[in-house]
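Colleague: structure for the following, please:
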Amino acid sequence: MKATVADRPSEENVRIPAELPVLPLRDMVVYPFIIAPLSVARDISIQAVDRALADNRMILLTAQRDKDEDEPQDDDLYRMGTVAVIMRMLKLPDGRIRVLVQGVCRARITEVCHNRPHFVAKVERVDDDEHDPASIEKEALMRSTKRMLERSSSLGKNLPSEVMVIANNLEDPGRLADLTASNLDLKIDEAQGVLDSTEPIERLKQSHEFLKREMDLLSMQREIDSLARDEMDRSQREFYLRQQMKAIMMELGEGDELVEEIEQYREKVEKLKLPEAAATEFERQLKKLERMHPDSAESSTVRNYLDWLTGMPWDHRSKDNLDIAKARSILDEDHFGLEKIKERILEYLSVRKLSRKSKGPILCFVGPPGVGKTSLGRSIARALGRNFVRLSLGGVKDEAEIRGHRRTYVGAMPGRIIQGIHQAESSNPVFMLDEVDKIGSDYRGDPSAALLEVLDPEQNSTFRDHYLAVPYDLSDVMFITTANLLDPIQPAFRDRMEIIHLSGYTEEEKLVIARRHLVPRQIKDNGLKDEQIEIVDKALETLIRDYTREAGLRSLERAVGALCRKVARQVAEGKKSKVRIIGSSVKGYLGPSPVSREDMQKTDQVGLATGLAWTAVGGDVLFVEASTMPGKGQLILTGSLGDVMKESAHAALTYARARASELGIPEGFFEQNDIHVHVPEGAIPKDGPSAGITIASAMLSVFTNRTLRRDVAMTGEITLRGNVLPIGGVKEKVLAARRSGYSRVILPEGNRKNLEDIPKTLRRDVEFDFVSHVRDVFRIALGGEAGGAEPGTESEALGA
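Modeller: Prediction:
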């Protein structure tokens with residue numbers, strides 16, 4: 001409030017009426033002897049002014065406790081106010097009025113008579129308390145206040161000149177306090193506190209403290225202004241010197257391109273929101289470039305670095321698609337099945353929808369080749385609305401491939417992670433790290449160890465590439481890794497990832513995928529149209545069953561592509577009619593089936609057990625043959641067996657020898673015979689504990705001359721005491737058994753829980769037996785004696 005001071009009238013001659021209209025003030029306090037302009041807009045305020053003008057031009061000015069209250073009540077007004085005289089009034093075209101008032105004295109509301117149509121209150125005059133005019137404290141306070149008023153004016157405080165004149169001539173501490181407070185930017189409660197005080201010395205102390213605070217603010221403001229002005233002067237000086245340097249270089253015929261290049265770098269950075277560390281490094285390198293000759297070798301190195309630094313998407317992030325239903329439809333459109341992975345992606349989207357600060361998950365898709373791990377990453381990126389970038393780590397042995405090379409080396413480059421982010425052009429892409437199980441290591445470092453920082457959500461927010469040498473935030477990146485096997489991955493590396501297993505596809509799933517995706521894609525890729533070729537479901541089933549043997553879909557797609565190429569040649573040679581490929585015509589196009597299927601045997605045999613194995617390409621059927629011959633009890637193992645599989649054979653033999661009489665094995669059998677165990681396809685290495693019960697069943701079949709049921713497949717690890725331990729890859733093994741026509745599968749009791757992972761459609765045609773001891777395996781798998789007993793009969797010893 002900018003106010004002026006009136007000459008002091010004789011207070012004794014001013015008579016204050018007992019009742020006065022009240023004008024509530026929103027955000028100001030008017031003091032006695034102060035002349036102030038007021039803007040009046042509310043109806044109750046306008047009517048109070050009209051009433052005062054109609055009576056004696058006197059009105060009580062009092063502040064509201066809440067300035068935002070449009071309809072104040074009695075309790076919303078401060079009790080202490082100022083009686084003022086309305087000196088002038090001006091009506092404005094919009095209905096408001098402007099009044100000029102002069103404070104007369106303090107007055108306290110004793111009773112509010114009524115508040116509508118305007119406030120009217122009974123008031124009593126409040127005079128200042130007596131004080132000692134010769135007090136040294138009073139004199140010191142007044143001198144200090146006057147001096148500070150003068151200094152505040154010199155510091156930039158906007159004080160009218162007449163205020164300083166009047167202040168220097170005042171001898172009353174109370175009036176000096178009111179004058180000081182009226183020219184300060186005080187809060188309502190602070191200004192009202194000065195008005196409420198009737199002790200002149202204390203009131204002057206309050207105003208003195210407020211003035212001192214204002215002085216501190218003015219001093220700080222001047223200091224800030226000075227610093228800003230110095231910075232501006234420095235910037236202008238740098239600009240002037242830069243222009244001079246430009247002119248000199250133009251005269252010398254050098255540096256035109258360099259100057260333009262530097263300006264381009266500066267323009268790039270102005271559009272980027274570089275972190276503080278990156279901005280500091282940018283300025284340092286740019287100043288170094290300015291001092292270099294444009295043709296020097298080092299200037300090229302600095303240019304490359306600045307190109308990388310300014311080319312990174314520091315502040316660019318693609319907006320996530322948080323529509324759960326739309327994301328689900330995209331995932332279903334691109335991939336059939338894979339429900340667990342789809343659920344995990346939708347859970348991540350749901351969390352992002354509720355909390356934008358959630359960190360990106362680090363998923364690891366583990367499964368055989370061709371099941372869609374990489375294409376699933378692209379589908380996830382499309383569902384999220386993010387950019388997609390893929391990095392293959394197979395065969396990478398150099399740690400610098402991940403962290404980058406230091407700029408001291410010739411031809412240094414950032415690591416593959418930073419290159420991928422640069423390629424994605426956003427700071428939150430879906431980043432796929434392919435084949436993490438095939439990372440190597442040598443004397444140049446271990447890339448797996450370097451990836452620990454990249455894939456740790458607690459560390460990757462400050463990932464430091466050796467080339468960039470400044471922290472880069474990877475916490476918004478959604479990392480997805482893929483692997484065929486978990487065993488080669490380092491434990492610390494594996495611990496940072498959420499493992500999701502992708503099993504092989506069933507024949508039914510392959511048929512649906514081929515119909516929806518593979519056939520249309522191959523028709524398009526081979527230049528055909530739908531009206532030129534039709535591949536019926538029976539033909540696809542023939543391809544799946546007789547021409548491919550895999551957990552994934554790559555061989556199936558190649559086979560479909562071969563059919564399309566055959567038809568494309570016919571079309572190119574002039575064939576006009578539509579070619580319809582049925583099941584029986586596949587052989588004419590592709591020749592004999594290249595797949596040798598391990599189908600179920602036609603008869604029950606002695607010493608031939610059917611096991612189930614898990615390989616890198618999915619599940620497979622594994623035959624185990626056992627035979628005996630005269631000898632001294634030696635165990636012969638053939639078929640490229642690994643150490644674990646050999647140990648399983650020895651454990652099975654030890655169990656059989658320890659319980660020979662219980663199992664019905666003739667006395668002295670082991671001292672007179674050698675045992676030979678063979679697993680066909682000897683050129684293929686085989687290992688793992690899950691063939692234990694299969695080897696035991698084949699041995700016991702030979703030892704007791706009993707046939708093994710041909711429709712039973714089994715898997716499980718055996719101990720010396722005959723216990724059957726759980727194994728892995730249950731779904732893949734069940735798929736292999738079903739594919740080969742086995743109707744009964746023996747599994748360890750510990751794997752009963754894994755049955756839930758197998759779709760009901762796969763379980764429909766297969767009977768499952770869960771066993772905890774090898775005796776249960778023998779009871780189910782062993783049939784009658786060869787040459788007479790019916791299949792399925794068993795001795796009392798075997799049933800024990």
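Colleague: the longest helix in this protein is where?
Modeller: Counting by DSSP state H, the longest helix found in the chain is helix 200-252.
Colleague: that one packs against which elements?
Modeller: If you count contacts as 3 or more Cβ pairs under 8 Å, 6 or more residues apart in numbering; DSSP states H and E, helix 200-252 packs onto helix 136-154, helix 173-182, helix 188-196, helix 256-271. (Each C-beta comes from the backbone N, C-alpha and C, glycine too.)
Colleague: most tightly surrounded among those helices?
Modeller: Using mean count of other Cβ atoms under 10 Å, the stretch among these with the greatest mean number of neighbours is helix 173-182 (a mean of 26).
Colleague: helix 136-154 and that helix, what's the angle between them?
Modeller: 30 degrees (axes from the mean of the first three to the mean of the last three Cα atoms, to 10 degrees).
Colleague: as JSON lines, the helices and strands packed on helix 200-252 with mean pLDDT would be great.
Modeller: Output for the helices and strands packed on helix 200-252, formatted as JSON lines (pLDDT from 0 to 100):
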{"stretch": "helix 136-154", "mean pLDDT": "87"}
{"stretch": "helix 173-182", "mean pLDDT": "90"}
{"stretch": "helix 188-196", "mean pLDDT": "90"}
{"stretch": "helix 256-271", "mean pLDDT": "76"}
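Colleague: shouldn't Ile24 be within a strand?
Modeller: Careful, residue 24 is Pro and not Ile. Yes - judged by DSSP: H, G, I helix; E, B strand; the rest coil, Pro24 forms part of a strand.
Colleague: which stretches of the stretch 1-150 of the chain form helices?
Modeller: Taking DSSP state H, counting those that start in this stretch as the criterion, the stretch 1-150 of the chain carries its helices at 43-54, 136-154.
Colleague: ok now the top strand by length along the chain, how far from the chain's centre?
Modeller: Counting residues, the longest strand in the chain under DSSP state E turns out to be strand 97-114. Taking Cα atoms, centre = their mean, to the nearest Å, one finds the center of strand 97-114 at 63 Å from the center of the full chain.
Colleague: and if you look at stretch 33-43?
Modeller: The answer for stretch 33-43 is 57 Å, by Cα atoms, centre = their mean.
Colleague: which of the residues in that stretch are buried?
Modeller: For stretch 33-43, the neighbour count (16 or more other Cβ atoms under 10 Å) marks Phe33, Ile34, Ile35, Ala36, Leu38, Val40, Arg42 as buried.
Colleague: average pLDDT for that stretch, rounded please.
Modeller: The average pLDDT within stretch 33-43 is 91.
Colleague: quickly note the distance from the residue lying closest to Leu286 once chain neighbours are set aside to Met292.
Modeller: For Leu286, ignoring the flanking residues on the chain, the nearest one in space by Cβ to Cβ, 6 or more residues apart in numbering is Tyr265 at 6.0 Å. Distance of Tyr265 to Met292, given as Cβ to Cβ, to the nearest Å: 14 Å.
Colleague: next: Asp765.
Modeller: 76 Å.
Colleague: Phe778 now?
Modeller: To Met292, Phe778 is 84 Å away according to Cβ to Cβ.
Colleague: do Met80 as well
Modeller: 74 Å.
Colleague: before we move on, what about Ala327?
Modeller: 51 Å.
Colleague: and these two? Which one has more around it.
Modeller: Ala327 (24 against 17; other Cβ atoms under 10 Å).
Colleague: and that one, what helix or strand is that in?
Modeller: Element membership for Ala327, per DSSP states H and E: helix 324-334.
Colleague: would you indicate which residues of that helix are buried?
Modeller: Neighbour-count burial for helix 324-334, counted by 16+ other Cβ under 10 Å, picks out Ala327, Arg328, Ile330, Leu331, Asp334.
Colleague: ok now do the fourth one, which residues does it touch?
Modeller: Going back to what we said before, that points to Leu331. Leu331 makes contact with Lys342, Ile345, Leu346, Ser379, Ile380, Ala383, according to Cβ atoms under 8 Å, 6 or more residues apart in numbering.
Colleague: now it: closest residue in space, sequence neighbours ignored.
Modeller: Among residues not flanking Leu331 along the chain, Lys342 sits closest, at 4.8 Å (Cβ to Cβ, 6+ apart).
Colleague: what strand or helix carries the one you found?
Modeller: Following DSSP H and E, one finds Lys342 within helix 339-354.
Colleague: contacts for that helix, please.
Modeller: By Cβ under 8 Å, 6+ apart, the residues outside helix 339-354 that reach it are 320-322, 324, 327-328, 331-332, 335, 358, 361, 363, 365, 376, 380, 383-384, 478, 498, 500, 502.
Colleague: C-alpha coordinates for that helix, PDB please?
Modeller: Taking Å, rounded to 0.1, in the frame of the first residue of the first chain, the C-alpha atoms of helix 339-354 are listed here in PDB:
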ATOM      1  CA  GLU A 339      -0.300 -66.800 -21.700                       C
ATOM      2  CA  LYS A 340       2.300 -66.400 -18.900                       C
ATOM      3  CA  ILE A 341       4.400 -63.900 -20.800                       C
ATOM      4  CA  LYS A 342       1.300 -61.900 -21.900                       C
ATOM      5  CA  GLU A 343       0.100 -61.800 -18.200                       C
ATOM      6  CA  ARG A 344       3.500 -60.500 -17.100                       C
ATOM      7  CA  ILE A 345       3.600 -57.700 -19.700                       C
ATOM      8  CA  LEU A 346       0.000 -56.700 -18.800                       C
ATOM      9  CA  GLU A 347       1.000 -56.700 -15.100                       C
ATOM     10  CA  TYR A 348       3.900 -54.300 -15.900                       C
ATOM     11  CA  LEU A 349       1.500 -52.000 -17.900                       C
ATOM     12  CA  SER A 350      -0.900 -52.000 -15.000                       C
ATOM     13  CA  VAL A 351       1.800 -51.000 -12.500                       C
ATOM     14  CA  ARG A 352       3.000 -48.200 -14.900                       C
ATOM     15  CA  LYS A 353      -0.600 -47.000 -15.100                       C
ATOM     16  CA  LEU A 354      -0.800 -46.700 -11.300                       C
END
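Colleague: so what's the gap between the helix or strand just after that helix and the chain middle?
Modeller: Once helix 339-354 ends, the next helix or strand along the chain (criterion: DSSP H and E) is strand 362-366. Relative to the centre of its chain, strand 362-366 is centred 15 Å away, using Cα atoms, centre = their mean.
Colleague: over to stretch 405-422?
Modeller: What separates the centre of stretch 405-422 from the centre of its chain is 25 Å, taken as Cα atoms, centre = their mean.
Colleague: list the contacts of Ile523.
Modeller: Contacts of Ile523 (Cβ under 8 Å, 6+ apart): Lys529, Asp530, Ile533, Cys564.
Colleague: same question for Thr198.
Modeller: The neighbours of Thr198, taking Cβ under 8 Å, 6+ apart as the test, are Arg106, Val126, Asp127, Asp128, Asp129.
Colleague: most surrounded residue in those?
Modeller: Highest neighbour count within those: Arg106, with 23 neighbours (other Cβ under 10 Å).
Colleague: what bridges to it?
Modeller: Beta-bridge pairing for Arg106 (DSSP bridges): Thr82, Val126.
Colleague: hang on, isn't it packed against Asp127?
Modeller: Yes - using Cβ atoms under 8 Å, Arg106 is in contact with Asp127, at 7.5 Å.
Colleague: excluding its backbone neighbours, what's nearest Val702?
Modeller: Here the residue nearest Val702, using Cβ to Cβ, 6+ apart, is Gly607, at 4.2 Å.
Colleague: you'd agree that neighbour is up against Glu625?
Modeller: Yes - applying Cβ under 8 Å, one finds Gly607 in contact with Glu625, separated by 6.0 Å.
Colleague: one step back: which elements pack onto the longest strand of the chain?
Modeller: Applying 3+ Cβ pairs under 8 Å, 6+ apart, one finds that strand 97-114 contacts strand 19-25, strand 34-40, helix 43-54, strand 58-63, strand 80-91, strand 119-126.
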